[in-house]
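> sequence first, predicted coordinates after that:
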4 protein chains.
Amino acid sequence: MCGVFGIFGHEEASNLTYLGLHALQHRGQESAGIVSSDGISLKSYKQMGLVADVFNASTLGQLPGRSAIGHVRYSTAGSSLLANAQPLMVAWSMGQMSVAHNGNLVNHDALKARLEQEGTIYQSDSDTETILHLIARSRGATFEERVVEALKQTVGAYSLLFLTEKKLVAVRDPFGFRPLVLGRLKNAYVLASETTALDLIEAEYLREIEPGEMVVIDEQGLKSTFPFEKKRPGRCIFEHVYFARSDTELYGLSVFETRKKLGMQLAKEQPAHADVVIAVPDSGVPAAIGYAQGSGLPYDMGLIRSHYVGRTFIEPQQSIRHFGVKLKLSAVRATLKDKRVVVVDDSIVRGTTSRKIVKMLKDAGAREVHVRIASPPTTWPCYYGIDTPSRQELIAASHSVDEIARYITADSLGYLTLDGLHAAVGDPERKTFCSACFSGAYLTPLKV
Amino acid sequence: MCGVFGIFGHEEASNLTYLGLHALQHRGQESAGIVSSDGISLKSYKQMGLVADVFNASTLGQLPGRSAIGHVRYSTAGSSLLANAQPLMVAWSMGQMSVAHNGNLVNHDALKARLEQEGTIYQSDSDTETILHLIARSRGATFEERVVEALKQTVGAYSLLFLTEKKLVAVRDPFGFRPLVLGRLKNAYVLASETTALDLIEAEYLREIEPGEMVVIDEQGLKSTFPFEKKRPGRCIFEHVYFARSDTELYGLSVFETRKKLGMQLAKEQPAHADVVIAVPDSGVPAAIGYAQGSGLPYDMGLIRSHYVGRTFIEPQQSIRHFGVKLKLSAVRATLKDKRVVVVDDSIVRGTTSRKIVKMLKDAGAREVHVRIASPPTTWPCYYGIDTPSRQELIAASHSVDEIARYITADSLGYLTLDGLHAAVGDPERKTFCSACFSGAYLTPLKV
Amino acid sequence: MCGVFGIFGHEEASNLTYLGLHALQHRGQESAGIVSSDGISLKSYKQMGLVADVFNASTLGQLPGRSAIGHVRYSTAGSSLLANAQPLMVAWSMGQMSVAHNGNLVNHDALKARLEQEGTIYQSDSDTETILHLIARSRGATFEERVVEALKQTVGAYSLLFLTEKKLVAVRDPFGFRPLVLGRLKNAYVLASETTALDLIEAEYLREIEPGEMVVIDEQGLKSTFPFEKKRPGRCIFEHVYFARSDTELYGLSVFETRKKLGMQLAKEQPAHADVVIAVPDSGVPAAIGYAQGSGLPYDMGLIRSHYVGRTFIEPQQSIRHFGVKLKLSAVRATLKDKRVVVVDDSIVRGTTSRKIVKMLKDAGAREVHVRIASPPTTWPCYYGIDTPSRQELIAASHSVDEIARYITADSLGYLTLDGLHAAVGDPERKTFCSACFSGAYLTPLKV
Amino acid sequence: MCGVFGIFGHEEASNLTYLGLHALQHRGQESAGIVSSDGISLKSYKQMGLVADVFNASTLGQLPGRSAIGHVRYSTAGSSLLANAQPLMVAWSMGQMSVAHNGNLVNHDALKARLEQEGTIYQSDSDTETILHLIARSRGATFEERVVEALKQTVGAYSLLFLTEKKLVAVRDPFGFRPLVLGRLKNAYVLASETTALDLIEAEYLREIEPGEMVVIDEQGLKSTFPFEKKRPGRCIFEHVYFARSDTELYGLSVFETRKKLGMQLAKEQPAHADVVIAVPDSGVPAAIGYAQGSGLPYDMGLIRSHYVGRTFIEPQQSIRHFGVKLKLSAVRATLKDKRVVVVDDSIVRGTTSRKIVKMLKDAGAREVHVRIASPPTTWPCYYGIDTPSRQELIAASHSVDEIARYITADSLGYLTLDGLHAAVGDPERKTFCSACFSGAYLTPLKV
C-alpha cells in the first residue's frame, strides 16, 4: 500500500512531485519522501508523516533539478521506521541511484538469504533494498540491462520508479498487479500510481504503463521495451473495490463508475425491503449511489465523516474509552429514525467496525439495518502489496455470512458475488484481474 | 464563528471537554483552549491549532477537576493571536473566573472606549475581555448578579460559558443569535454549541438554553432564570444554511433535514433541465440530495473532497500556482462527461470559488452547468458572530443574479427565495430567526 | 532575577534587542520577549525558553520599527507561565503601552487587593501588571505623569522600561536596588540591565540611570527628571557577589575587579594552610584568583564546568540517579591528588551543592578541602527581586559556621565578613548598598 | 572527531550510554545515536543534534537490553546528514550488527571503488560503512575472525565498537591513533573514548585498550587478542593539545597536567615582558595557568566565555553583522586596562579568530598583546580523524611566524617547539606519538 510519482524534464520537478504525492496521500500516510536529480547528483528528503507535514518551502528547496521521484508509504506493523521510508537512495559503481516501489516481492526471503550469504548487508527491512542489491551485483552493461537482470530474479508485484543522475526508469511487473500510468506536462513526462496525481498538476494522461513494460526516459526522450516473459495480466481488483481514489481512471476504467456498477449489481444480487440507502463514507458512497439507482430506493446521508480525523488523536483513558469509530463517523438521526436502512460498504475485514456502525445506526433510531457489501467476502490475504491482515483475522475466512451478520448485529447481510465483481470490471472470464483475496487463486507461487 | 463546551460534575471533565471541542472543530480551527476547576483554583491551557494538535495526554493532565469549559476559535483576519485565544482566565476580587464566548457585541467599541477612559487596560483585541471588565467592575453581591449587570450593558450576540472555582454559568443573549444546548451525562451537566458534542460523549440531550436565559450550575444543582428584557427571538438562520454540522439538532430542528428541505424547495423554485444533480461537498450534500428528491433527477457524485486538506499546505511557487480549490476538490469525469449538471452549494460569498468549480466541472466534460444555491443571495455582513466579509466583497451586494452567473460562467444560476428559506425552518412569518445577512433587517441597532 | 534591554532610534531595533537579551541571558532563562514600535503601533513576541531558541529571523521580522524593549525572565516556582512572560503589552486610553520590569514590589499584595476591589482583573501573577493598572487609572495629563503617579504608590524594587508608540521611558526606583545603564549607538539611545549588553552591540556606555531617575526618550531627544522622594541608595550588593556577569561594569565598578577584591579580602580574613586555590566555576573564578593573589598560594583548575549543561537534560531513573552536580562539574585529579585544597565559591544557599562538591574533590584525591566563601552567610531572603529561597531553606539562617562545615564535610569553612564585603565595594559605612540578605537590615518596610 | 561509548552487562545499558555520550559531547555535536541489544535483537535511535536534545525518557525506553554502544559525531563539511549518523546498524548473514567508529581510513577511496565494482551499494558517505561491507563479505568462521579479516584490509585510524546480539567487540588500530579506554561498573565492562565518560557514571578505570588490541566481551567474560601486525605507536598528540577534555586521563597521562606542562615549557621557550597572563577560554586555560606558573607572572581572567553559545544562534543581518567571536567571548576591562598582556591559546588554525581576540583585548585597553601558542605551528592536515582544514587554509603552512603576528596584529607571537611538545608528553624521541599535523611525518602512506 504505497503511492509513487515521478517526473522528468520540468523546472519544478520536486514541487510537482510534492503535489503529486499529495494527490496520492490516500495510498500511504506513514512516511513521504522525494529524491531529485540536477543531472549531476541526487538529493533526498524523507520523513515520517503526511506529505503536507513532511515538506515545506525550505525542504523542497533542497531538492533541485529537473527530475524527481517520490513515494508515500503505509507501513505494515512493526517496521514503521524512517529507515524503511522511500525512495531509497544509494551510491554504487555507476554513481547514484534511487528507487520508489509499490508492491511486494513474494520470493523476498529467499533472495535476501542468498544475498546475505554472499556478503550483503541490509540497512532496511524492505524488499525494495533487495532490488537495489541485485542491480548493483548485476554484470549488465547498462543501467537498464542491470534492472532487467535484477527483476528477472524476483517474483511478485512491483510498480517501480528508478531515478539516476540522468535517467528516470519505470517498470511494471509482468502481471501488472499494481497500477502505474504515464502522462505529459509540456515537455515533461510524468509517472504516477493513479491519474488523480496527473489531474492535480494538470498533466495530460497518455496511457497505462503495460504489465511487463519498462520505460526509460532521458534527455533523448522515452523508450519502451517488454523485457520480461509474458504473463496473463493480474491487475488488482481491490484497487477498484476500495484502494484507489474514486476520481481516478484505473486500467482505463473510471473507478467511480466501476464502484457504482458494483452497487447496481449488488442491488440486483442482494435486494432489501428498505426505505433508504446510505453509505459508509467516504469509500462506500459510489456503491451506495449505485445501489440506490439499481434498487430504486432513495439515496440519503445517514452517516457523516469528520473532516478532522487524524492519526494523532489521543483518546482519553478509563471510563470514556472506545470512541474509535465515533470520532470518525456520526449518525444523522433525521435520516435514520424509524427507517429500514440499507447501509453499503466496500468490504468487511475483521467485522469490528461494521459492528460499531450497525450499533450507531440503531442507536440513532434505525428500525432495521441491512448491510450490503460491494465485494465478495475477503477470505485470503494479499501477497502482492495490499496490507491485509492474516487469515485468522479475516472474519470471512472462518465464519459464514449468517455468522457474520449475527456478529455485526445486522438484520441482514449480503455480499456481492465474485462473478458480479468481475463482470463490473469488464472481466467476466476472470482473465485480466487478480482477485486472489476473494478466491485464493494466487497468480504466482507464494513461497519461492 | 466559535464553539463552546462546558461540563460540571464529572471526574474526567477536561478529557470530555477535549472530546466535545473535537466535535465542534468545524466551528473554529485557529485556536483551542480549556480551563478546568478542581473546586479551589482554575487551570488553563490554550494554543493556536486544531484540538487534536493542541492537546495531548500531558497537557490534559495539567487540567484537573470536575468542571471545565473549552473553546474553539476561528479568528477574523489580523487578530489571529494567542492573546485572543479563549477561554480567557483572570484573577479578580472574587477569586478567579474564565469565559468562553460565541458571538459578537455590537456596542463593543463604545464600551471599550468608556472602560479605557475609566482606567482599564486591554490585553486582547476581543469583546469577550470587555465582558470580564464589566463583571469585575459591577457592584453586584453575587457572581450571577454581576454577570447580569455586565451583560445588560451590552448589545449583540453571546452564548457564554463562565467557569469559576465553584460554578459553571451559561448565558444566551435575549435574541438567541448563537446556539447553546444543555445535556446530561450521568450526574454531570453538559453545555455545548451543538448537539453533536453531546452525541460524541454519549450525553443525553435535555433542551436548548433559551434566548435570554441564564443557567447556574453548582454542587447544589441547576438554577434557571431569565434576567434580561424579553426580545423577539433571532436565531441565526445561517447556522442551518451552512455553519452547523449536518448531524446536529439545532433549535429543535435536524440540520440535515432542514438542508434537505432547502434543496427540495430550491428544486421547486429553481428547476433545471439536467441529467444529474451533484453537490459541492461536504456542506452542499444534504441540499443536493433534497434537490434530487424534489426534482426527480438522479443524485450523483461529481466532486470529491480530499481527506488531507489542511491549513499548513504549502503551495509551490511560480509556474504551478493557484491550486487552491483543486487541492480540496476533484471532479469525477465518469459522472460529468457530456452531462447537463445541476451543482448545489449552500451559498456564494465572493464568487471566486464557484467560478473555479464551474471551470473544473466543464474541464471534466460537463455539457452544461446549472448552479443552484440553497439560500438567498448573501448581501449583508453579519454583526452577530459569523465572520462574513465586508459588503464590498460580497458579490451579491453589488451584482445581479445574471451578472453573477456570467462571472462564474454558469449556464444558469438560481438562488432560493428568502420566503423559501424561512418556510424550510418553520418560520414563514420571519418571527423567530435572524436572516439579516440576506435581508439587511438587523434586529439591533448596529452602532450604539 | 530578570534582565531588561531597550533601544530607541535604530533601524534594527528588534535585532539589537535580541543581541542585547542574549548578553543578559544569565539574568533569566525561563522566557524571553521583545516588543517593538514602528511609531504607529506595537508588536510583541515572547515564549518560554532561551533567547536563541525563542527568536529566529522570521519572528524578529515580525517586530518592525526603530524602537524596542526586551526582557529575559527567571520565574519563581509555580508561576512559570507564558502569561507571566514579559514585556507585557496592553491597549488603554492613550493607545498601547508595554513594560519590561526587573525588581519586585513589596506592597504588591495590598495594591492588588485594592485594585481588584475597584474592579480590576488580572491576567498574570506578576506585580508588573499592577504597575500598568495604576498607570491606566491615573488621571495624569501625560504618559510620564501617569507613570510617576503610579510608581509613587509602590514600594519596592524596579528598574523599568516602558515602550509606547512614540516613547521609551526608563525608571529606576529611589533606592536603585536593581541596576540600569544608559548607552549610545550612533543616534540611538540604549538601556540595559548591565553594560555587557552595550559591549556586545558596540554601544558606548554613557552612565548609570540614577536611583530615582526617570528618563524619557522620543524623537526630540532624552529628558531626565527625578520625580520621586529621595532615599538613601540601596544598590544590590549581591549583584556584585554573584548575579551580574563578571565582565560588567556595575554602579561604576568592575564586577570582576570587585570579585577579585572579595577574594583578596577573604584570603586576609580566612587564610588556610593549603597547597592550591581552586574555584567553583564559573562564578567563583574571579574571587579564587583574588584569593590566590592575596594568599600567595598558586591558583589552579580543580573543577571543570561542562559546556553542554542545559535545562532539558533528562536524568535516567533508578540505580543511576543523582547525577546533578556531576553533569555540570567534574574534578581534575591531577590538580587535586594528595593536595590541601582551598575551594572558593561565591555563596552557600542550601548547602547541598557545596556538600557534593567537597565529596567530588575528596573522591578525586584531595587530602584536605578548605571551603572559602566570598560573601557573608546568606541568612535573609531578598524581597527586592533576587529569587532566594525562604528563611527555612537558607542553611546559614539556622546553623552555625561549624555546623555548616560539618554538613558539607569540609575540613574548614570560612566566610567573608560583612565589613569586608562592604569595603570591597567601596561602601565601608554601609550607606549606598543594600546587603539585607546578609544582615536583615531591609531598606523598606516589608508589608505595606 | 567523534566519541564512542559502549557497555556490556548492565540493566541500564542505554541510560548509561546516554550519560557517557553526554560526557563525550565535546568530541562531536552534530549527531548522536545509541544501539542496544537485549540478547535477541538490536534497536537503534539516532538524530542530528546534541545528546540532551536527541534523547529523552521515551526514546531511551525504546532501547532495551543489557548492552549498548553509542556515538557522537562532528561531521565534516558537506556530509552533515542523518544517513551518516552513527552507530550504523545492519542485518547480515549472521543476524544483526552495529558499529561506532572514531577515526578515518586512509585507503577508503580504493576500498570503496573495489567494493562498488563487486556489486556493493552505499547508503552513507562514511568509511565506517566500508568496514561493515568487508565484514559481511569475509569468509571467516566467527564474527571476530571476520572483523580481523576486514580490518586487515584497511589502512588508517580506528577506535571501533561493534555490537551484535550477543557480543561487544572493541578494536583499536595498530598505531593507536585515537584513544579508547576500558572500565568496569559492577559486573559490567565499559568502553569509552575518554575516561571522563567513566568518571561520570562512576565506573572504575581499568586500562587503555592497546594499539592493535581487540577485546571481545560476552556472557563468558572478556578476551583480549592482538591480531594485527605490530606497528610503532602513533597516539594523537593533538588530543593532548586541544581535543580531549581537560579532566581526562589520556594514554595514562592527565590531560590537564600535560597542558600545564605545555604552558610551562612555553614560558621557558617564549618568555614575554608583560604584566599578566590570560587564557583564551576554555581550552587555553590549563596552558595559561602553566605559563603563569612557569613565568612567575600573575594569572588572571581577561576573557569570559558565554554559557549560552549554541549552534542555533541566528545572527541578524546587514549593518550589525560579524558578531562571531563576540557572542562567545567578552573581554574584562579591569584585567586588561593599560596592561601588557600574555594571552595563551592552544593553537592557531586560520588566524581569523586570533585576530579578533587581539582586537577585542586592545579595544578593552590592553597596552600590548603577546600571543603565546601552546603547540607548534599547525602546518599539515590530519588524515587520521581530526577535522582540520586543507593546507591552503592553514595560515602557518604558508606564512612565517612574523607574518602571522602581523596578520593577527599581536605585539609578539610565540609558538612552542615540536621538541617542547614531545617532551611535555614524555616522548622526547618522538617514538610513541603522532605529531604529523605539526611535522608532516605521517605514519602511514596517504594514498593506498
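Cool, the structure landed.
> stretch A:113-131: which residues count as buried?
Within stretch A:113-131, the residues scored as buried using 16 or more other C-beta atoms under 10 Å in any protein chain shown are A:115-116, A:119-131. (Each C-beta comes from the backbone N, C-alpha and C, glycine too.)
> sheet partners, orientation included, of the lengthiest strand in chain A?
The longest strand of chain A (DSSP state E) is strand A:95-105. Partners of strand A:95-105 in the sheet, by DSSP bridges, are strand A:88-92 (antiparallel), strand A:156-164 (antiparallel).
> which of the ones you listed sits most buried?
Among those, strand A:156-164 has the highest mean neighbour count (mean count of other C-beta atoms under 10 Å in any protein chain shown), at a mean of 25.
> could you give the backbone dihedrals for the closest residue to chain C within the stretch 51-200 of chain A?
Residue nearest to chain C within the stretch 51-200 of chain A (C-beta to the nearest C-beta): A:S58, separated by 11.0 Å. The phi and psi values for A:S58, taken as degrees, to the nearest 10, are phi -70, psi -50.
> do you know how far it is from A:Y45?
10 Å (C-beta to C-beta, to the nearest Å).
> more crowded one of the two?
A:Y45 (19 against 9; other C-beta atoms under 10 Å in any protein chain shown).
> domain ranges for chain A, per the record?
By the assignment in automatic domain parsing, chain A contains the domains A:2-231, A:249-439.
> what's the end-to-end length of the first one?
With C-alpha to C-alpha, to the nearest Å applied, domain A:2-231 spans 23 Å between its terminal residues.
> try stretch A:21-39
Terminal residues of stretch A:21-39 lie 22 Å apart, using C-alpha to C-alpha.
> so it, near chain D or not?
No: using C-beta under 8 Å from any C-beta of the partner chain, stretch A:21-39 stays clear of chain D, coming no nearer than 12.4 Å.
> A:A68 against A:I7, yeah?
Yes: if you go by C-beta atoms under 8 Å, A:A68 and A:I7 touch, sitting 5.8 Å apart.
> what's the overlap in contacts for these two?
A:A13, A:L16, A:T17 (C-beta atoms under 8 Å, 6 or more residues apart in numbering or on different chains).
> what is the nearest of the residues you listed to B:I217?
If you rank the shared contacts of A:A68 and A:I7 by distance to B:I217 using C-beta to C-beta, A:T17 comes first, at 55.0 Å.
> ok, A:Q29 touching A:Y74?
Yes: applying C-beta under 8 Å as the test, A:Q29 and A:Y74 come out as touching, 6.2 Å apart.
> thinking again about what came up before, pLDDT at the residue of the stretch 51-200 of chain A closest to chain C, what is it?
We have a pLDDT of 84 for A:S58.
> who's in contact with it?
Contacts of A:S58 by C-beta under 8 Å, 6+ apart: none found.
> how much space separates A:W92 from A:A150?
On the measure of C-beta to C-beta, A:W92 and A:A150 end up 12 Å apart.
> pLDDT at A:A77, what is it?
Reported pLDDT for A:A77: 39.
> need the contact list for A:E118.
With C-beta under 8 Å, 6+ apart, A:E118 has these contacts: A:R137, D:R137.
> likewise A:G351?
A:I395, A:I404, A:Y407, A:I408.
> neighbours around the second one, how many?
This means A:I404. Neighbours of A:I404 (other C-beta under 10 Å): 22.
> again with the first one
Counted with other C-beta under 10 Å, residues neighbouring A:I395 total 22.
> that one contacts A:S347, correct?
No: assessed by C-beta under 8 Å, A:I395 is found out of contact with A:S347, at 10.9 Å.
> so of the contacts of A:G351, which ones are in helices?
Among the contacts of A:G351, the residues falling in helices (DSSP state H) are A:I395, A:I404, A:Y407.
> list just the nearest of these to chain B.
Nearest to chain B out of the ones in helices among the contacts of A:G351 is A:Y407 (C-beta to the nearest C-beta; 22.6 Å).
> check the closest one and give its pLDDT.
Predicted confidence (pLDDT) for A:Y407: 97.
> residue contacts, it?
For A:Y407, the residues meeting the contact criterion (C-beta under 8 Å, 6+ apart) are A:G351, A:R355, A:I395, A:H399.
> may I see those residues arranged in JSON lines, with secondary structure and pLDDT as well?
Shown next, in JSON lines, are the contacts of A:Y407 (DSSP: H, G, I helix; E, B strand; the rest coil; pLDDT from 0 to 100):
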{"residue": "A:G351", "secondary structure": "coil", "pLDDT": "94"}
{"residue": "A:R355", "secondary structure": "helix", "pLDDT": "95"}
{"residue": "A:I395", "secondary structure": "helix", "pLDDT": "95"}
{"residue": "A:H399", "secondary structure": "coil", "pLDDT": "97"}
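> now for those residues, which pair is the farthest apart?
A:R355 and A:H399 (12.6 Å).
> the more surrounded of those two?
For A:R355 versus A:H399, the count of surrounding residues by other C-beta under 10 Å is larger for A:R355: 18 against 15.
> setting aside sequence neighbours, what's the nearest residue to that one?
Spatial nearest neighbour of A:R355, chain neighbours left out: A:I408 (4.4 Å); criterion: C-beta to C-beta, 6 or more residues apart in numbering or on different chains.
> list the contacts for the one you found?
A:I348, A:G351, A:S354, A:R355, A:V358, A:V371.
> just those residues now: which is nearest chain D?
Distances from chain D to these, taken as C-beta to the nearest C-beta, are shortest for A:G351 (32.7 Å).
> quick one, phi psi at the closest one?
phi 90, psi -10.
> how about it, nearest residue that isn't a chain neighbour?
Leaving aside its sequence neighbours, A:G351 sits nearest to A:I395 (C-beta to C-beta, 6+ apart; 4.1 Å).
> so which residues make contact with the longest helix seen in chain A?
Counting residues, the longest helix found in chain A (DSSP H) is helix A:255-269. Residues external to helix A:255-269 that are found in contact with it (C-beta under 8 Å, 6+ apart): A:239-241, A:244-250, A:286-295, A:344, A:346, A:372-375, A:414, A:416-417, A:420-421, A:423-425, B:301, B:332, B:334-335.
> close to chain B, is the next helix or strand after it?
With elements assigned by DSSP states H and E, the helix or strand that comes after helix A:255-269 is strand A:276-279. No: residues of strand A:276-279 contacting chain B under C-beta under 8 Å from any C-beta: none, with a closest distance of 9.9 Å.
> what mean pLDDT does strand A:276-279 get?
So the average pLDDT for strand A:276-279 ends up being 98.
> just for the stretch 51-200 of chain A, where's the confidence low?
A:75-80 (pLDDT under 70).
> who has more neighbours, A:Q29 and A:Y74?
Using other C-beta under 10 Å as the criterion, A:Q29 and A:Y74 rank with A:Q29 on top: 20 against 16.
> the more buried one belongs to a helix, doesn't it?
No: judged by DSSP: H, G, I helix; E, B strand; the rest coil, A:Q29 forms no part of a helix; its state is coil.
> quick check, pLDDT for it.
On the pLDDT scale, A:Q29 is placed at 88.
> contact partners for A:Y205?
Residues near A:Y205 by C-beta under 8 Å, 6+ apart: A:V181, A:L182, A:G183, A:T195, A:L198, A:E249.
> thank you kindly, that will do.
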